[in-house]
Every structure is written in structure tokens, then in C-alpha cells.
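# Predicted structure and sequence below. I'll ask about it afterward.
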Amino acid sequence: MENHQNAIPEELPPDKVPRHVAIIMDGNGRWARARGLPRRAGHEAGTENLRRIIRACVEFGVKVLTIYAFSTENWGRPQWEIRALMHILENVIDRELDELHQEGVQLRHLGELDRLPGNLQRKVRQAIEMTKDNDRLILNVAFNYGGRDEIVRAIRHIVEDGIPPEDIDEALVSSYLYTAGLPDPDLIIRTSGELRISNFLIWQGAYSEHYYTPTLWPDFDREEFRKALVHYIQRERRFGKLEPQTSG
Ligand code: IPE
Ligand code: IPE
Ligand code: MG
């Protein structure tokens, strides 16, 4: 049987590749359980996988990658798991920062940094400072991020800045979010088969395309990522209008 997707050449058409891809990296725990391993091993495998996907973004010409690594709701997990997730972020910065910098990756953080351990905050700030002039790929790490929390914070700042009500419009609200200045995500991917957004980019994702796969995050490799991009490329985005549009 002829597979429609085979019609897409290995080289994805550069003008059709999504500029901004956001990923809910879910399923690490189930990946570990299926192997009789502790959950932490699943998170580590998930982190290894991230390298592959960062490389694939550079290869396919994605300009912004946002990854959901720790949600405001994840504070409700057991202390040992929270600690493990903090350690993993710290280790990633220690191990990968130089290479990411060399590859031209600019690191940014989405979320409230203040609630993280002091040394982790320092490392995140240093990594942001070190990579701020890189422009090959912007990597937004959503860590202690929640979409509602982000909007509440934006409202507070708008009020603090004394912005008159008539000046408040969508562009102004966007400029108060963690993603200020970045394009909205074109494509949101969620692994592990869950069909929900879990408080991720609820403002920015108003018109994003969605791609859900049962594949668990540690197994979501370059080829699976490419498949998601192919699905996206084959869709028509209409933004409420009658004809396909290139952007909202
Ligand atoms: C996603 O994997 C990573 C984080 C939420 C930090 P999970 O830890 O949610 O894995 P499952 O959903 O239990 O399999
Ligand atoms: C979403 O995954 C958060 C991250 C991937 C960081 P969860 O596993 O925490 O989400 P729910 O609980 O299934 O909604
Ligand atoms: Mg999960």
C-alpha cells in the first residue's frame, strides 16, 4: 500500500518547517517502569533523548524549541522525585552547556526561577548569560512553569507598571509573558499518549497545531520527530479564515 507520508522527501521543505516547536516531554516514569527501573532512570533517559531532538531541530531548521521539563503542578510529586529532577537539570547544565554553546544554542528559561535551589538558579542564570548571543536555535526550558501562573504574573506586572486599561491589548499581554519577543509555537507535541495540555503555553498556544503520539519521551527519536514535522507540514492552517494561511 502506498504511504502518503513517503511522498515527503528526506529533506523537509525549509519554508514549511515550523519555526517554533514546543514539546511536553511525558512518559519518563512509564518508560522506566516498563523496564523495572526507578523513575529517576526514566528521567535520565529522557534527558539523553533531548540531545537527539536538539540536534534534529538544528538539522531540520527549527528556530525555537520549547521543552516542558517541570510544571508548577509537579511540586505535588514526592520530595525525592522533585530533588531528582532538580539534580538532573543541574547535571545537564554542567555536562552539556559547553557543547550547546558551541552548537550555537541560546538557552532561555520560562518559569519562576526564585523557587529553585540557589545554586541551580545561579547555574541557570550563568547559562543564559553565556549563550545569549547565539542564534542557531533558541532553547526555552520551561522549568517551574505554569501557563496560568505566567498569566497571573503578567497581570501583576501590568498593574504595577500602571498601564492604562485602554492600552492593554493582546500584543501588550504577550510582551509581559516569559516568551516575550518570540513567535508563538506553531506545533505542540506531546508524547506518551496523554491528550491534554497540562497548563503549558495556554496563551501562546491559542492557535498551535497539536501532535500526540503514544511513544514515550525517551523513545521519541529523530525519526519520530521528523514524522511529527511531516504531519504538521501536511496540515492546512486557517486561523479562522477560509483559506490556508502561512501565519496567524
Ligand atoms: C515527564 O515524565 C517528565 C516530568 C513530568 C518531569 P513523567 O514523570 O510525567 O512520566 P509518567 O507520566 O509518569 O510516565
Ligand atoms: C506535564 O507532564 C509536565 C511536564 C512534562 C513537565 P505531567 O506528567 O506532569 O502531566 P499530567 O499530570 O499527566 O497532566
Ligand atoms: Mg507524566
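Sure, I can see it. Values in this document were obtained by computation on a predicted structure and should not be read as measured data. Ligands and ions are numbered 1, 2, ... in the order given.
# Centre of the chain to stretch 178-189, how far?
9 Å (CA atoms, centre = their mean, to the nearest Å).
# Mind pulling up the pLDDT for the residue in the chain that ligand 1 sits nearest to?
Ligand 1 sits closest to G29 of the chain, with a gap of 2.6 Å, by CB to the nearest ligand atom. Yep, even glycine has a C-beta here, placed from its N, CA and C like the rest. Per-residue pLDDT puts G29 at 98.
# so how many other residues sit close to it?
20 (other CB atoms under 10 Å).
# Is it in a helix, a strand, or coil?
helix (DSSP: H, G, I helix; E, B strand; the rest coil).
# cool, the one 3 residues further on as well?
Assigned state for A32: helix (three-state reduction, three-state DSSP).
# Find the nearest non-adjacent residue to it, please.
Nearest residue to A32, sequence neighbours excluded (CB to CB, 6 or more residues apart in numbering): G42, at 3.1 Å.
# Next: N49.
Using CB to CB, 6+ apart and skipping the chain neighbours, the partner closest in space to N49 is P218 (5.0 Å).
# hmm, back to that, how close does the residue of the chain closest to ligand 1 sit to T215?
Relative to T215, G29 is positioned 15 Å away (CB to CB, to the nearest Å).
# circling back: my guess is the residue nearest to A32 is in a helix, correct?
Yes. According to three-state DSSP, the state of G42 is that of a helix.
# Test my guess that it contacts W31.
Yes. Applying CB atoms under 8 Å, one finds G42 in contact with W31, separated by 4.6 Å.
# who does L137 bridge with?
Counting by DSSP bridges, L137 forms beta bridges with V105.
# Report the contact partners of it.
Listed by CB atoms under 8 Å, 6 or more residues apart in numbering, the contact set of L137 reads 54, 57-58, 62-65, 103-106.
# farthest-separated two in the residues you listed?
For these, the farthest-apart pair by CB to CB is V64 and E103; their separation is 14.9 Å.
# What is the neighbour count of the residue of the chain found nearest ligand 2?
Nearest to ligand 2 in the chain, going by CB to the nearest ligand atom, is S198, at a distance of 3.7 Å. Counted with other CB under 10 Å, residues neighbouring S198 total 15.
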